[in-house]
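In: mind looking at a prediction? Sequence and model below.
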Amino acid sequence: MNAPLPDTATLLNTLAEAIRPNLSPETALVGIHTGGVWVAEWLHRAMGIKTPLGTLDISFYRDDFSQRGLHPEVKTTQLPFNVEDHPIILVDDVLYTGRTIRAAMNELFDYGRPGGIHLAALVDRGGRQLPIQPDFAGAKIELPAGKNIQLQRNEQGNLILLIQ
Amino acid sequence: MTRSLQLTADGQLKHLLTLDGLSPAILTRILDTAESFIDVGEREVKKVPLLRGKAIFNLFFEPSTRTRTTFEIAAKRLSADVVNLNIAASAQSKGETVLDTVSNLTAMHADMFIVRHAQSGAAHFIAQHVEPHISVVNAGDGRHAHPTQGLLDMFTIRRYKGAFHNLRVAIVGDVLHSRVARSQIHALTTLGVPEVRVIAPRTLLPTGVEQMGVHVFHDMQAGLKDVDVIIMLRLQNERMKGARLPSAQEYFKQYGLTPEKLALAKPDAIVMHPGPMNRGVEIDSEVADGPQSVILPQVTYGIAVRMAVMSLLMGPAQ
């Protein structure tokens, strides 16, 4: 059963409005592959952010490598700005256990010492296993552990959240 | 037998012993994974935590500098603990068998063996006898195979040429004694290169080489015409003594890659060499150091390719 969530465009706008007062001219957005990159691309464009967009693939930093092996499609990490001292907003589509964010922060620090990291998530679905909380979120939705919420991008480039 | 040994029941790589019999999908997966490891070498902290806590043993029964070093760097960039054993100079000379050496290292909780040996089949033999959680990588066995070299050559070709399906590739030199050539030929044909040529004197070609799907040339003029990639092989000095060749000078005259001979290939052809090079024997310095040479990038890519192989082998516990 697939049920559409609150309108994704509304969630994106809510997230952008939450972030906007906290932007500085140096702020860099870094999206986490794959859904987080889509959200970050949207925010980057909508908010007219000057620093080039960063993307992060955390495959090499996951904590379940010995159980699951390497992800079949490793994307590249690209941080086209100097991480050192830069204020960074880390962007993901769905915040769940927090393990992805832990891996993402570890990877960021291998590029330098950021001036600070804030966390933005399109949806916070609860269920955290680590002491990590979002600074900005489009919505908070409580979902049971068996459910899966996924961001998809259709052929027109529009983002749609689906619960499965 | 080697083929089934290196794959698990569900088709995942368990050991890397030869490229013979590996599917295009597996080869491509390794090359794609290597692509994402390239960036790791270019950043501030050249390390990812993927293999933290794993112990990798470099078992080199035969001397090597480049291969051993790049395996070591690859393991370290994956955060593994790496131990280098120069066996020729230690236990073997005291009479210990290969399997005893392996058992002792297994008792030290090894997770992976990187094996270089002068005898064909050595890595295969070790892979047959290791405990199920251990992976073995063949880093060159006799005249048989050198799969990671073959893979890094494919990676280099793909980086410079973009694809394989429209290429003409020439492998030049001592194919007979070259494990590198064998691995290259398997990989090139598997990845869909339509025309693989070997260029060598008759005395340096294995009998029946045509059955590997290559076109044979004995003359550089014809063989290099319009090729996209030239792979030079090292002429091992010891081959001179076996009367297979008249002299190094004579060999260079006929088969050494000079700017004049290179001009027969396509203008954007790349020149590769697995190293170590014999300047003035198989390759002219002007070519080796020239703009079409990708010999040093090959070395750099070798690290990323070996990182990819190690991390794909060491995935989920079996």
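Out: Yep, that arrived.

In: and whichever strand or helix holds A:Val91, what does it pack onto?
Out: According to DSSP states H and E, A:Val91 maps onto strand A:87-95. Counting contacts by 3 or more Cβ pairs under 8 Å, 6 or more residues apart in numbering or on different chains; DSSP states H and E, strand A:87-95 is packed against strand A:28-32, helix A:35-46, helix A:99-109, strand A:116-124, strand A:149-153. Where C-beta positions appear, they are placed from N, C-alpha and C, glycine not excepted.

In: okay, the strand or helix carrying B:Val305 in PDB with CA atoms only?
Out: B:Val305 is part of helix B:295-313, with elements assigned from DSSP H and E. The C-alpha coordinates for helix B:295-313 follow below in PDB (Å, rounded to 0.1, in the frame of the first residue of the first chain):
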ATOM      1  CA  ILE B 295      52.200   5.100 -17.200                       C
ATOM      2  CA  LEU B 296      52.300   7.100 -14.000                       C
ATOM      3  CA  PRO B 297      48.500   7.600 -13.900                       C
ATOM      4  CA  GLN B 298      48.300   3.700 -14.100                       C
ATOM      5  CA  VAL B 299      50.200   3.600 -10.800                       C
ATOM      6  CA  THR B 300      47.900   6.100  -9.100                       C
ATOM      7  CA  TYR B 301      44.800   4.300 -10.400                       C
ATOM      8  CA  GLY B 302      46.200   1.000  -9.200                       C
ATOM      9  CA  ILE B 303      45.600   2.100  -5.600                       C
ATOM     10  CA  ALA B 304      41.900   2.900  -6.200                       C
ATOM     11  CA  VAL B 305      41.400  -0.400  -8.100                       C
ATOM     12  CA  ARG B 306      43.000  -2.400  -5.200                       C
ATOM     13  CA  MET B 307      40.900  -0.500  -2.700                       C
ATOM     14  CA  ALA B 308      37.800  -1.500  -4.700                       C
ATOM     15  CA  VAL B 309      38.900  -5.200  -4.900                       C
ATOM     16  CA  MET B 310      39.600  -5.400  -1.200                       C
ATOM     17  CA  SER B 311      36.400  -3.700  -0.100                       C
ATOM     18  CA  LEU B 312      34.300  -5.900  -2.400                       C
ATOM     19  CA  LEU B 313      35.900  -9.100  -1.200                       C
END
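
In: buried stuff in it?
Out: Under the neighbour-count criterion of 16 or more other Cβ atoms under 10 Å in any protein chain shown, helix B:295-313 has B:295, B:297-299, B:301-313 buried.

In: which helix or strand in chain A has the lowest average pLDDT?
Out: Ranking every helix and strand in chain A by mean pLDDT, DSSP states H and E puts strand A:3-4 at the bottom, with a mean of 52.

In: let me see the contact set for B:Glu210.
Out: B:Val216 (Cβ atoms under 8 Å, 6 or more residues apart in numbering or on different chains).

In: surely it is in a helix?
Out: Yes: according to DSSP: H, G, I helix; E, B strand; the rest coil, B:Glu210 belongs to a helix.

In: could you check how far it is from A:Gln156?
Out: B:Glu210 sits 54 Å away from A:Gln156, going by Cβ to Cβ, to the nearest Å.

In: contacts only, for B:Pro81.
Out: No Pro there; residue B:81 is Asp. With Cβ under 8 Å, 6+ apart, B:Asp81 has these contacts: B:53-56, B:75.

In: partner residues bridging it?
Out: Applying DSSP bridges to B:Asp81 gives these bridge partners: B:Ala55.

In: from B:His109, how far off is it?
Out: From B:Asp81 to B:His109 the distance is 10 Å (Cβ to Cβ).

In: before we move on, what about B:Gly256?
Out: 49 Å.

In: could you pull up the contacting residues of the residue most central in space within chain A?
Out: Most central in chain A under Cα atoms, centre = their mean is A:Asp92, positioned 1.2 Å from the mean C-alpha point. Taking Cβ under 8 Å, 6+ apart, we find A:Asp92 in contact with A:31-32, A:35-36, A:39, A:100-101, A:104, A:119-122.

In: now with 6 Å, please.
Out: By Cβ atoms under 6 Å, 6 or more residues apart in numbering or on different chains, A:Asp92 lies in contact with A:32, A:36, A:121.

In: apart from its chain neighbours, what residue comes closest to the last one?
Out: In space, and not counting its chain neighbours, A:Ala121 is closest to A:Leu95: 3.8 Å by Cβ to Cβ, 6 or more residues apart in numbering or on different chains.

In: got the buried residues for stretch B:97-111?
Out: B:98, B:101-102, B:105-106, B:110-111.

In: now stretch B:273-289
Out: Using 16+ other Cβ under 10 Å as the test for burial, stretch B:273-289 gives B:273-275, B:277-278, B:281-284, B:287-288.

In: of those residues, closest to B:Ile199?
Out: Closest approach to B:Ile199 among those (Cβ to Cβ): B:Glu282, at 11.2 Å.

In: tell me the contacts of that closest one?
Out: So B:Glu282 contacts B:173, B:232, B:235, B:256 (Cβ under 6 Å, 6+ apart).
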